[in-house]
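> Got a sequence here, can you build the structure:
(chains A and B)
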Protein chains: 2
Amino acid sequence: MASEKEELSKQLSNEERNFKKLQKRSISVDMTRGRPGALQLDIAMPMLKMAGELDYVQNGIDARNYGDLAGIPAARELFAQLFEVSADEVIVSDGSSLDIMYTLVQFAMQFGVLGTEPWNKLQQVKFLCPAPGYDRHFAICRAFGIDMLTVPMLDDGPDMDMVEELVRSDDSVKGIWCVPKYSNPTGVVFCDRTVERMASLKPAAKDFRVFWDNAYIMHTLNETDVPLANIFDLARKAGNADMIYSFTSTSKITFAGSGLAAMAASKANIDDILSKLAIRKINSNKVNQVMHVAYLRDKQNISLIMQRHAMLLRPKFQLFERRMSEAFGDCADVKWSRPGGGYFISLDVEGCAKRIVELCAQAGIKITPAGSTFPYGFDDKDSNLRIAPSVPTLEEMDFALDVLIEAIKIALLEKQIAKMDV
Amino acid sequence: MASEKEELSKQLSNEERNFKKLQKRSISVDMTRGRPGALQLDIAMPMLKMAGELDYVQNGIDARNYGDLAGIPAARELFAQLFEVSADEVIVSDGSSLDIMYTLVQFAMQFGVLGTEPWNKLQQVKFLCPAPGYDRHFAICRAFGIDMLTVPMLDDGPDMDMVEELVRSDDSVKGIWCVPKYSNPTGVVFCDRTVERMASLKPAAKDFRVFWDNAYIMHTLNETDVPLANIFDLARKAGNADMIYSFTSTSKITFAGSGLAAMAASKANIDDILSKLAIRKINSNKVNQVMHVAYLRDKQNISLIMQRHAMLLRPKFQLFERRMSEAFGDCADVKWSRPGGGYFISLDVEGCAKRIVELCAQAGIKITPAGSTFPYGFDDKDSNLRIAPSVPTLEEMDFALDVLIEAIKIALLEKQIAKMDV
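Numbering: from 1, shown residues only, chains lettered A, B, ... in the order given. Below you'll find the predicted structure:
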């Protein structure tokens, strides 16, 4: 036994020496957030070039003036195509879909949902949080004091047995966060059966809402897209027309936070939301809507634009896959996702996540803090890491992978050695 | 007495005949809201023309990407010039300053202000509402269940004796709405002494805030601007640095609701607000900020742009003044404002406001509903009307004045006759 431990310690010393060499290169690479790279942002520059030539008065609506809180008709039509709903079930808003989600939670807390009691007046409000998931969703819950119940994220979506049971049995469960396509961070696309079960929930709370954050609705990394079932159609069939709120934005199609955001919901929800929103603003930026409609045109054209994004992103995901397969292809302790779209790779190394982030930071590589992908930042297995490869160049990415691979090796060896000491 | 009444009835019949002729012309004119006219909106078109040529990466910040929640430095600098504060006391946001005001009320209701108890948890929250005032301010209070206390608007600002007393004696008074320059709708510019007294309030509530909606900060109708004292300097001197929130937007400088909005407050407030706002959005539309900074440049250049707006607006205000003076120059029952800036004329005809709106509507002239300029829509004298002359052409305006003048005559005669019947 002693000799095995000696052997591991020797290995660890070797890896630490390698790691020190990497540290000396003092390169820094940020892989924390799903930000588009600079070349991706250049793709949409023709939109700004055409801005001066467009007609801002269309069908009697002057986009430069007040009014049309739900957006100009052409912009609502465009997002209706993406959401696969009708235009009067869409609100087009300014850059951030997060803002819309936050706003809907705020409206529910303060005013209730379609006439129900404001959530602020209830003893307890709970949201289901499939995890690993999106930290900014969880941050909204935390800010409003909404209790988060973690639901395991499986290969084809959330654990629906658990979701159905919790939603059915507890009327303080008011919502669930979902990123149904190329999920943040696992890359999962919810399978048809999961979407159907989600649409057919029998919630104890009539103001329960599915927060369907379709952030990566058009964001394939390949030449073909993975289809996602239309939750609105399925919900209508199940008598749940009002149960779905869906969201998306052009942050990763045109400009991040400077594009358009949009939501879809039943007409009853849309009317309810507009009546509340009318107190807050007169309209969103309709000039930007005219520009976006002129540039994006329709769903098919957006697909073409997204192919150009995919061409820039794909090599980074491929590099990750190649380097990690070479290093850990035969190591059961290191698992990672192979997403068909979206912005993230989900990496699992049980018991090592915090240590890996720490080591990476020591060599200039920034990764989203361990635990971020779980409610309250609590990953009980200390396992999940979210890697965002979009910003670094391929060269930076290659270096970052040198560091990450070394960090994983060191963390695993340290864990093994620590186990022997027990 | 009978003969006097007969005489009045005859006059009324005459006016009614005139009115019928106007009705037959079936023209419709909308003077309800402070919307820029189409020619005004054309002024900013060069901004869109230059959009394709600008450099969106400045000082290491790519305006097309995520980040910089408070706005790009150059945009914060620009608004700092207008507010006369420093750039780190400014947040630049998307199109609507109403959105910022609503957001600050919502933050206070849900989370408190700089660490105080959330207003939602208090028995009662009150705002002081100088009236006539801006209906959308009052609508925010109504939505959040904030009680509104009406304070008379005098010729140089709100009745400060009343404001001081209410703020000092009642810790449930948490805010006051002010449009300090070219006030909506009275056109009043708060005098230096009023600004100083506002800045020096001794509120019982430490989370009391002055909501200083400087919507018409640059919006003179004449060649020279009426100066407004710097409330931030005065508040600092009085030990009230954190008591002021100020707001403005470019809705009536560039595009309505599609421009930039901004707020100013102490650094402590700004940090508090940003920490809450960070849960809701990652950034505002920074591409629009780059465009605005390039086009607007600085305060002096904005003054030049506003001169072009004034040239379009002034004739409409002058026409109103000329026509109304001719009709009612010697009639003590009809009073109206002669604003030096802003978008409104305030018209007072005691006991007749509702009737005048009704008559105008019958002849195709839309005016903001009577009472709108008061909390709860309640004008106890049924006197005040808000006229927004910016949208109609001069010809439309002339016709609208034919109708308005006839409507006032009829309403006054009806009132006189009714009095005799008592």
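> Contact residues of the stretch 251-400 of chain A facing chain B?
With the criterion set to CB under 8 Å from any CB of the partner chain, the stretch 251-400 of chain A comes near chain B through A:251, A:255-258, A:276, A:279-288. Just so you know, the C-beta spots here come from the backbone N, C-alpha and C atoms, and that holds for glycine as well.
> switch the cut-off to 10 Å
Where the stretch 251-400 of chain A comes near chain B, counting by CB under 10 Å from any CB of the partner chain, the residues are A:251-252, A:254-261, A:275-291, A:391.
> Buried ones from those residues, can you make that a ChimeraX selection?
The ChimeraX selection below is limited to those of these classed as buried (16 or more other CB atoms under 10 Å in any protein chain shown):
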select /A:251,252,254,255,256,257,258,259,260,261,276,277,279,280,281,282,283,284,285,286,287,288,289,290,291,391
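> Going along the chain, name the strands of the stretch 251-400 of chain A.
Counting by DSSP state E, counting those that start in this stretch, the stretch 251-400 of chain A has strands at residues A:260-264, A:334-336, A:345-349, A:365-367, A:384-387.
> how far does the first one sit from the chain's center?
Between the centre of strand A:260-264 and the centre of its chain there are 15 Å (CA atoms, centre = their mean, to the nearest Å).
> Who does that strand pair with, and is each partner parallel or antiparallel?
strand A:90-94 (antiparallel), strand A:244-249 (antiparallel) (DSSP bridges).
> The last one now?
Sheet pairing here is set by DSSP bridges, and for strand A:384-387 it gives strand A:345-349 (antiparallel).
> Pull the contacting residues for the closest residue in space to A:Asn240 that isn't next to it in sequence.
Using CB to CB, 6 or more residues apart in numbering or on different chains and skipping residues adjacent in sequence, the residue nearest A:Asn240 is A:Ala199, 6.1 Å away. Contact partners of A:Ala199, counting by CB atoms under 10 Å, 6 or more residues apart in numbering or on different chains, are A:210, A:212, A:229-238, A:240-241, A:243-244.
> do A:Asn222 as well
A:307, A:310, A:314, A:317, A:339-341.
> Spatially, which two of those residues are the most separated?
A:Gln307 and A:Pro339 (16.5 Å; CB to CB).
> And these two? Which one has more around it.
Between A:Gln307 and A:Pro339, A:Pro339 has the larger neighbour count (other CB atoms under 10 Å in any protein chain shown), namely 25 against 12.
> circling back: out of the strands paired with strand A:260-264, flag the one nearest B:Ile43.
strand A:90-94 (23.0 Å).
> just to revisit the earlier point, adding pLDDT and distance to A:Cys331, write the contacts of A:Asn222 out as TSV.
Formatted as TSV, the contacts of A:Asn222 follow (pLDDT from 0 to 100; distance: CB to CB, whole Å):
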residue	pLDDT	distance to A:Cys331
A:Gln307	97	34
A:Ala310	98	29
A:Arg314	97	25
A:Phe317	98	20
A:Pro339	97	20
A:Gly340	97	24
A:Gly341	98	26
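> could you dump the residues you listed to a markdown table with distance to A:Ala44?
As requested, these are exported to a markdown table (distance: CB to CB, whole Å):
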| residue | distance to A:Ala44 |
| --- | --- |
| A:Gln307 | 14 |
| A:Ala310 | 15 |
| A:Arg314 | 19 |
| A:Phe317 | 21 |
| A:Pro339 | 23 |
| A:Gly340 | 23 |
| A:Gly341 | 19 |
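> Which members of those residues are classed as buried?
A:310, A:317, A:339-341.
> Narrow the contacts of A:Asn222 to those in helices?
Residues of the contacts of A:Asn222 located in helices (DSSP state H): A:307, A:310, A:314, A:317.
> so the second one touches A:Thr220, yeah?
Yes: the criterion here is CB atoms under 10 Å, and A:Ala310 meets it with A:Thr220 at 6.1 Å.
> overlap in contacts of these two?
A:303, A:341.
> What segments of the stretch 251-400 of chain A are helices?
A:267-277, A:286-296, A:299-328, A:353-362, A:394-421 (DSSP state H, counting those that start in this stretch).
> How about the longest one, which residues are buried there?
Translated: helix A:299-328. Those would be A:302, A:305-306, A:309-310, A:312-313, A:316-317, A:319-320, A:323-324, A:327-328, for helix A:299-328 by 16+ other CB under 10 Å.
> residues touching whichever residue of the stretch 301-422 of chain A sits closest to chain B, list them.
When scored by CB to the nearest CB, the stretch 301-422 of chain A has A:Val391 as its residue closest to chain B, at 8.7 Å. Contacts of A:Val391 were listed using CB under 10 Å, 6+ apart, and they are A:29-38, A:40, A:316, A:343, A:397, B:65.
> Apply 6 Å and report the result again.
Applying CB atoms under 6 Å, 6 or more residues apart in numbering or on different chains, one finds that A:Val391 lies in contact with A:30, A:35, A:37.
> got it, and A:Gly37?
A:390-391.
> repeat for the one 3 residues further on
By CB under 6 Å, 6+ apart, the contact set of A:Gln40 is A:309, A:312.
> any low-confidence regions in the stretch 1-150 of chain A?
Within the stretch 1-150 of chain A, the stretches with pLDDT under 70 are A:1-2.
> Which residues of it lie near chain B?
Within the stretch 1-150 of chain A, the positions near chain B by CB under 6 Å from any CB of the partner chain are A:35, A:41, A:48-49, A:51-52, A:64-66, A:94-96, A:98-99, A:102, A:120, A:139-140, A:143.
> So which of those residues are in strands?
A:Asp94 (DSSP state E).
> Mean neighbour count added to the strands paired with strand A:260-264, as TSV?
What follows is these, written out as TSV (neighbours: other CB atoms under 10 Å in any protein chain shown):
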stretch	mean neighbour count
strand A:90-94	26
strand A:244-249	25
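> what are the ranges of the strands in the stretch 1-150 of chain A?
Under DSSP E, counting those that start in this stretch, the stretch 1-150 of chain A gives strands at A:29-31, A:57-58, A:61-62, A:90-94, A:126-131, A:147-154.
> Leaving out sequence neighbours, find the closest residue to A:Asp192.
A:Asp192's closest residue in space is A:Ala229 (CB to CB, 6+ apart), at 4.6 Å.
> Tell me which helix or strand the one you found sits in.
Using DSSP states H and E, A:Ala229 sits within no helix or strand.
> can I assume it is in contact with A:Val195?
Yes: counting by CB atoms under 6 Å, A:Val195 is a contact partner of A:Ala229 at 3.9 Å.
> okay, these two: which has more neighbours?
Ranked by neighbour count (other CB under 10 Å), A:Ala229 and A:Val195 place A:Val195 first, with 24 against 19.
> In contact with the more buried one: list those residues for me.
Contacts of A:Val195 by CB under 6 Å, 6+ apart are A:229, A:231.
> and with 7 Å instead?
Applying CB atoms under 7 Å, 6 or more residues apart in numbering or on different chains, we find A:Val195 in contact with A:180, A:228-229, A:231, A:234.
> what would those residues look like in CSV with distance to B:Asn184 and pLDDT?
Shown next, in CSV, are the contacts of A:Val195 (distance: CB to CB, whole Å; pLDDT from 0 to 100):
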residue, distance to B:Asn184, pLDDT
A:Pro180, 45, 98
A:Leu228, 47, 98
A:Ala229, 50, 98
A:Ile231, 44, 98
A:Leu234, 48, 98
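> Return the distance of A:Phe282 relative to B:Lys121.
For residue A:282 the amino acid is Ile, not Phe. Note on A:Ile282: its distance to B:Lys121, by CB to CB, to the nearest Å, is 31 Å.
> is it true that A:Gln110 touches A:Pro118?
Yes: with contact defined as CB atoms under 7 Å, A:Gln110 counts as touching A:Pro118 (5.6 Å).
> who has more neighbours, these two?
Neighbours per residue (other CB under 10 Å) separate A:Gln110 from A:Pro118, with A:Gln110 holding more: 20 against 15.
> ok so, going back, which among the helices of the stretch 251-400 of chain A is found nearest to A:Val189?
Of all the helices of the stretch 251-400 of chain A, helix A:299-328 sits nearest to A:Val189, with 15.4 Å by CB to CB.
> So which elements touch that closest one?
Secondary-structure packing of helix A:299-328 (3 or more CB pairs under 7 Å, 6 or more residues apart in numbering or on different chains; DSSP states H and E): helix A:38-42, helix A:394-421.
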